[in-house]
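1. Compute the structure for the input listed below.
(one chain, ligands or ions: 1)
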Amino acid sequence: MPNNDACKAYLSKIKWQDGFTCSKCGHTKGCEKSGYRYHCYSCQHVESATANTLFHKVKFGLQKAFCVAFEMSTSSKSISSIQMGKRFSIHQGTAWYFMQKVPKTMKSS
Ligand SMILES: [Zn+2]
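-> You can find the predicted model right below:
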């Protein structure tokens with residue numbers, strides 16, 4: 001399982017692959033801060049790699065969420081939320097809810 005930092009590194013790469021855009025004001029100039037965050041030059045907003053993604057404040061943790069999403073995007077056959085829940089020790093309902101959000105987000109990556 002990748003650690004939290006590796007997850008964030010990956011997310012920041014996807015999120016800002018076309019450059020930074022501030023979610024608050026739309027400004028595109030900023031600088032990268034430690035911990036995979038971006039500091040907007042215009043409104044001083046600091047955005048984390050997980051903000052406004054499906055990984056933001058996931059109840060069962062970034063690492064597990066990341067693994068679920070990764071599993072879903074790489075597996076050729078569909079995995080049920082029951083299987084996923086068992087594999088990562090997540091409540092089935094929680095796994096299901098999270099999995100609903102994954103496809104549209106991970107498609108591009
Ligand atoms: Zn801004």
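
2. Could you chop this protein up by domain?
-> Split into domains by automatic domain parsing, the chain comes to 4-48, 62-104.

3. Tabulate these (JSON lines), appending mean neighbour count, distance to the ion and mean pLDDT.
-> Bear in mind the C-beta positions are built from the backbone N, C-alpha and C, glycine included. Below are the domains of the chain laid out as JSON lines (neighbours: other C-beta atoms under 10 Å; distance: least, C-beta to the ion, whole Å; pLDDT from 0 to 100):
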{"stretch": "domain 4-48", "mean neighbour count": "15", "distance to the ion": "3", "mean pLDDT": "93"}
{"stretch": "domain 62-104", "mean neighbour count": "15", "distance to the ion": "24", "mean pLDDT": "91"}
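
4. residue boundaries of the helices in the chain?
-> 4-15, 62-74, 81-87, 92-106 (DSSP state H).

5. Packing partners of the first one?
-> Put plainly, it is helix 4-15. helix 62-74 (3 or more C-beta pairs under 8 Å, 6 or more residues apart in numbering; DSSP states H and E).

6. Now do the contacts for the residue nearest the centre of the chain.
-> In the chain, the C-alpha nearest the mean C-alpha coordinate belongs to F55, at 3.8 Å (C-alpha atoms, centre = their mean). F55 is in contact with 7, 11, 62, 65-66, 69, counting by C-beta atoms under 8 Å, 6 or more residues apart in numbering.

7. relative to its centroid, which residue of this protein is most remote?
-> Outermost in the chain, C-alpha atoms, centre = their mean: S42 at 24.7 Å.

8. isn't that one right up against H27?
-> Yes - using C-beta atoms under 8 Å, S42 makes contact with H27 at a distance of 3.6 Å.

9. Mutual contacts of those two, please.
-> Counting by C-beta under 8 Å, 6+ apart, nothing touches both S42 and H27.
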